[in-house]
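J.: sequence and predicted model, in that order:
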Amino acid sequence: MRSDQIKKGVIRAPNRSLLYSTGMSPKDLDKPFVGIVSSFTDLVPGHITMRDLERYIERGIAAGGGVPFIFSAPAVCDGIAMGHSGMYYSLGSREIIADLIETVTNAHMLDGLVLLSNCDKVTPGMLMAASRLNIPSLVVTAGAMMTGMHEKKRRSMVRDTFEAVGQFQCGKITEKQLEELEMTACPGAGSCQGMYTANTMACLTEAMGMSMEGCATALAVSAKKKRIAYESGIRVVKLIEKDIKPCDILTMNAFKNAISVDMALGGSTNTVLHLPAIANELNMKLPLELFDEISRKIPQIACLEPAGDHYMEDLEDAGGVPAVLFAIKKNLVHSKTVSGRDVIEIAESAEILDENVIRLKNPYKSEGGIAVLRGNIAPNGCVVKQAALSDNMRVFSGRARVFDCEDDAMKAILAKKIISGDVVVIRYEGPSGGPGMREMLSPTSALHGMGLSDSVALLTDGRFSGGTRGPCIGHVSPEAAAGGAIAAINEGDVININIPQRTLNVELTCSELKKRIAKVIKPEPKIKTGYMARYARLVQSADTGAILK
C-alpha cells in the first residue's frame with residue numbers, strides 16, 4: 001500500500017507516533033488509509049448536508065476494512081458570487097481544489113479517496129485531482145435541492161430570483177412579490193434545482209463511471225443519498241484492493257459517454273471547460289469539435305430548467321442517469337465504472353419511469369444541447385447552449401452594443417438602453433482578461449426577465465451559468481485580452497449568428513478586422529496582486545478548458 005511509506009518499518013517510528021496521537025490503533029496500520037475530501041461549508045447551500053454524508057462515508061470505509069481520514073477543500077457558491085467581483089474567483093477555485101487535494105494526499109501517502117462534492121467548480125476540481133493522483137477514487141455528489149413552492153407553483157433559484165430582477169425592473173412584478181419569491185425559491189439544502197453546472201457535472205460524473213449508480217440525481221435531503229455515501233465508502237476499499245484507478249475508468253470512451261449524456265440532457269456550457277481540463281490531467285485532449293460532433297448525433301431527450309419546466313427531482317423520479325443511458329444506449333461505448341459494471345450493462349438494465357421527462361420516442365430537439373460555433377469573431381471556437389434558446393433565434397443578425405466588462409453591460413440593461421435587435425458584446429471577461437472568466441447569469445437573466453431573450457443576443461469571452469437561457473454565446477476564443485477579434489468589435493457593427501451552420505461573424509473584411517486588431521490597446525489588469533493575478537498569467541484559452549500552464 002502507498003501508506004506503508006508512512007507507517008511501516010523501524011525508521012517510521014516517529015510517523016507512527018504522530019498517527020497514534022490521533023487516536024489510531026496499531027491494528028489500523030494494516031488497513032488502507034482513505035481520505036474523505038469534504039467540501040463542507042456553511043456558506044454554500046449545496047454543501048451544508050455534508051457533515052451527515054461524511055459520517056456515512058466514514059462508516060462505509062470502516063465497514064469495508066479501511067481507515068477514514070477527513071480533510072477539507074474549499075467551495076464557492078456561484079449564485080452568491082454572481083454579479084460582483086467575487087465571481088472572478090469561481091473558475092480559479094477549480095485549480096486550487098485540485099492542487100490542495102494533490103498536496104494533502106501525497107504528503108500523507110493516502111491509498112485512496114472519496115471525494116465529497118457538489119457545486120460548480122468543486123466536482124471538476126476534485127476529478128482533476130483524482131486524475132492527476134491516479135489512486136483509487138470515487139465521487140459522492142451531495143445532491144440537488146428540492147423546488148420551492150409559492151402561489152401553488154414550483155419555484156427555483158434562476159427563474160424566481162435572477163430573472164425576477166428583470167421582471168421587477170419592467171414593472172411586471174411588485175417589490176413585495178420579489179421578496180416573496182426570494183424567500184421561497186430556495187427552500188433548503190442542495191445544489192440549485194435545474195440542469196445547471198453543478199447538477200450537469202454530477203450527471204456526467206456518474207455517466208463517466210466515477211460515482212455509484214443513482215448518485216447524481218439522489219436529492220440532498222434523501223435517505224437514498226446517505227445510503228449511496230455509505231456504499232461509496234465500502235466500494236473505495238474494494239477499488240484499493242483491486243488497484244482500480246481513475247485511468248482505468250476515465251478513458252476516452254468514458255468522456256465520449258459523458259458528452260453524449262451532456263447533449264441528451266441539455267447540460268451547462270461549462271462542461272466544455274471542465275471535461276477537457278479533467279482529460280488534460282490524463283494527457284488526453286478533448287477538442288471542441290468532439291462536442292459538436294456528438295451534439296449532431298445525440299438528440300436532446302430531457303428538458304430541465306432553465307430550458308424547460310422539469311427539475312432534478314423529476315429526473316430522479318424518471319429513473320435518473322441510468323434511464324438517460326438506456327435512452328441513448330445505441331450511442332454509448334463500453335466503459336468501466338467504479339461500481340464494477342460496464343456503462344452499457346447499466347444502460348441495458350435501466351428503464352425510463354416517466355416518458356414526459358425523458359423522451360425516448362419524441363425528443364425535445366433533434367440535436368444535443370450544446371453547439372460549437374466558429375467565424376471571424378471566434379476562429380478558435382465558442383459555445384452556445386442551443387437547448388435553451390427559441391427556434392426563431394437560431395439565425396440572428398443585430399447591431400453590436402459593446403461593453404468592456406459585465407458591470408457596464410448590466411447597468412445598460414437595467415437602464416433599458418438595450419433594445420430589440422441588439423447584440424450585447426461583453427469582452428475582457430475571459431480566463432486571463434477577467435480574470436477568471438466570470439459567469440454572466442445576471443445580465444442574461446435580466447434580459448429574459450425583461451422579455452428580450454427572443455430579440456437580443458449576447459456574446460462574450462466570459463462564460464455563462466448553467467442557468468442561462470436565450471441566444472447567449474460564450475467562451476469566444478481567442479479572448480480580448482489575448483488580442484482576439486472580439487476586442488476589435490465597435491459599437492454598431494453588424495454581427496451575424498447562424499447556429500445551424502455553426503458560424504459567428506462580424507460584417508468586416510479580413511483586412512479591416514486585422515487593422516482594427518493591430519490598433520487594440522490592452523487594458524491594465526483588473527487584479528494586480530494575490531492568487532488571481534498569478535492565475536491570469538498562467539491560464540490558457542477557453543478552448544483548452546482554461547487549464548493552467
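T.: On my side now, so go ahead.

J.: switch to C-alpha atoms for all contacts and neighbour counts from now on
T.: OK.

J.: quick one: average confidence on the helix or strand where I36 lies?
T.: Here I36, judged by DSSP states H and E, is contained in strand 33-38. Averaged over strand 33-38, pLDDT sits at 98.

J.: which helices and strands sit right next to the one helix or strand F255 maps to?
T.: Of the helices and strands defined by DSSP H and E, F255 is found in helix 252-265. Applying 3 or more Cα pairs under 8 Å, 6 or more residues apart in numbering; DSSP states H and E, we find helix 252-265 packed against helix 197-208, helix 288-297, helix 320-327.

J.: hmm, 10 Å instead?
T.: Applying 3 or more Cα pairs under 10 Å, 6 or more residues apart in numbering; DSSP states H and E, we find helix 252-265 packed against helix 197-208, helix 271-281, helix 288-297, helix 320-327, helix 343-349, strand 370-373.

J.: format the ones you listed as TSV; extra columns: distance to G35.
T.: Formatted as TSV, the helices and strands packed on helix 252-265 follow (distance: least, Cα to Cα, whole Å):
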stretch	distance to G35
helix 197-208	19
helix 271-281	20
helix 288-297	33
helix 320-327	27
helix 343-349	26
strand 370-373	36
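
J.: so for G79, which of the ones you listed sits nearest?
T.: helix 197-208 (11.1 Å; Cα to Cα).

J.: alpha carbons of the next helix or strand after that closest one, as PDB, please.
T.: As assigned by DSSP H and E, the chain's next helix or strand after helix 197-208 is helix 223-242. Provided in PDB are the C-alpha atoms of helix 223-242 (Å, rounded to 0.1, in the frame of the first residue of the first chain):
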ATOM      1  CA  ALA A 223     -32.100   8.800   2.800                       C
ATOM      2  CA  LYS A 224     -31.000   7.400  -0.600                       C
ATOM      3  CA  LYS A 225     -28.100   9.800  -0.700                       C
ATOM      4  CA  LYS A 226     -26.900   8.600   2.700                       C
ATOM      5  CA  ARG A 227     -27.100   5.000   1.600                       C
ATOM      6  CA  ILE A 228     -25.100   5.900  -1.500                       C
ATOM      7  CA  ALA A 229     -22.500   7.600   0.700                       C
ATOM      8  CA  TYR A 230     -22.200   4.500   2.800                       C
ATOM      9  CA  GLU A 231     -21.900   2.200  -0.200                       C
ATOM     10  CA  SER A 232     -19.300   4.500  -1.700                       C
ATOM     11  CA  GLY A 233     -17.200   4.100   1.500                       C
ATOM     12  CA  ILE A 234     -17.300   0.400   1.200                       C
ATOM     13  CA  ARG A 235     -16.600   0.400  -2.500                       C
ATOM     14  CA  VAL A 236     -13.500   2.600  -2.400                       C
ATOM     15  CA  VAL A 237     -11.800   0.000  -0.200                       C
ATOM     16  CA  LYS A 238     -12.600  -2.600  -2.900                       C
ATOM     17  CA  LEU A 239     -11.100  -0.300  -5.500                       C
ATOM     18  CA  ILE A 240      -7.900  -0.100  -3.500                       C
ATOM     19  CA  GLU A 241      -7.800  -3.900  -3.100                       C
ATOM     20  CA  LYS A 242      -8.200  -4.400  -6.800                       C
END
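
J.: which residue comes closest to I419 once chain neighbours are left out?
T.: V456 (7.2 Å; Cα to Cα, 6 or more residues apart in numbering).

J.: what secondary structure does the closest residue to L447 other than its chain neighbours sit in?
T.: Spatially, and ignoring its direct neighbours in sequence, L447 is nearest to S453 (5.8 Å; Cα to Cα, 6+ apart). What DSSP: H, G, I helix; E, B strand; the rest coil gives for S453 is coil.

J.: can you report how many residues lie near S453?
T.: Per other Cα atoms under 10 Å, the neighbour tally for S453 reads 22.

J.: so who does it touch?
T.: The contact partners of S453, taken as Cα atoms under 10 Å, 6 or more residues apart in numbering, are 389-390, 393, 420, 444-447, 469-472.

J.: tell me the one of those nearest V338?
T.: Nearest to V338 out of the contacts of S453 is R469 (Cα to Cα; 34.0 Å).

J.: measure that closest one to E351 for me?
T.: Distance of R469 to E351, given as Cα to Cα, to the nearest Å: 30 Å.

J.: more crowded one of those two?
T.: More crowded of R469 and E351, by other Cα under 10 Å: R469, with 26 against 17.

J.: what about the residue nearest to I419, neighbour count?
T.: When neighbours are counted by other Cα under 10 Å, V456 registers 25.

J.: pretty sure it sits against P471.
T.: Yes. Counting by Cα atoms under 10 Å, V456 touches P471, with 7.5 Å between them.

J.: contacts only, for the residue nearest to the spatial centre of the chain.
T.: Nearest residue to the geometric centre of the chain (Cα atoms, centre = their mean): T197, 3.5 Å. T197 makes contact with 78, 118-121, 123, 191, 203, 267-271, 274, 464-467 under the criterion Cα under 10 Å, 6+ apart.

J.: selection in PyMOL covering whichever of those are buried, please.
T.: Selection of buried members from these for PyMOL, criterion 16 or more other Cα atoms under 10 Å:
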select buried, resi 78+118+119+120+121+123+191+203+267+268+269+270+271+274+464+465+466+467
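
J.: ranges for the strands of the stretch 1-150 of the chain?
T.: Applying DSSP state E, counting those that start in this stretch to the stretch 1-150 of the chain gives strands spanning 33-38, 67-72, 112-117, 137-141, 148-150.

J.: can you count the residues close to the nearest residue to L29 once chain neighbours are set aside?
T.: Spatial nearest neighbour of L29, chain neighbours left out: K7 (6.5 Å); criterion: Cα to Cα, 6+ apart. Neighbourhood size, K7 [other Cα under 10 Å]: 21.

J.: wait, K7 touches M24, no?
T.: No. In this structure K7 lies outside contact range of M24 using Cα under 10 Å: 11.6 Å.

J.: identify the contacts common to these two.
T.: 16-17.

J.: and the strands of the stretch 1-150 of the chain, which is most packed in?
T.: Compared across the strands of the stretch 1-150 of the chain, strand 137-141 shows the largest average neighbour count, a mean of 32 (mean count of other Cα atoms under 10 Å).

J.: partner strands of that one and their direction?
T.: If you go by DSSP bridges, strand 137-141 pairs up with strand 112-117 (parallel).

J.: about what we covered before: what about the helix holding F255, average pLDDT?
T.: 98.

J.: check contacts around S477.
T.: Neighbouring residues of S477 by Cα under 10 Å, 6+ apart: 374, 377-383, 430, 460-462, 483-486, 541-544.

J.: distance check, the residue lying closest to G483 once chain neighbours are set aside against P306.
T.: Among residues not flanking G483 along the chain, I517 sits closest, at 6.7 Å (Cα to Cα, 6+ apart). Applying Cα to Cα, the value for I517 to P306 is 36 Å.

J.: next: A542.
T.: With Cα to Cα as the criterion, A542 and P306 are 23 Å apart.

J.: you'd agree P363 is up against Q300?
T.: Yes. If you go by Cα under 10 Å, P363 and Q300 touch, sitting 5.8 Å apart.

J.: how many residues are close by the nearest residue to L286 once chain neighbours are set aside?
T.: Nearest non-adjacent residue to L286, counting by Cα to Cα, 6+ apart: P276, 5.1 Å away. Taking other Cα under 10 Å as the neighbour definition, P276 ends up with a count of 24.

J.: surely P276 meets A258?
T.: No. Look at P276 against A258 with Cα under 10 Å: they stay out of range, at 11.6 Å.

J.: one step back: who touches both of V456 and P471?
T.: Contacts common to V456 and P471, judged by Cα under 10 Å, 6+ apart, are 393, 396, 423, 444.

J.: among these, which lie within strands?
T.: 396, 423 (DSSP state E).

J.: how long is stretch 410-418 end to end?
T.: 10 Å.

J.: ok, and what's touching that stretch?
T.: So stretch 410-418 is contacted by 83, 165-166, 169-170, 401, 403, 407, 409, 419, 424, 426, 440, 442-444, 446-447, 450, 452, 456 (Cα under 10 Å, 6+ apart).
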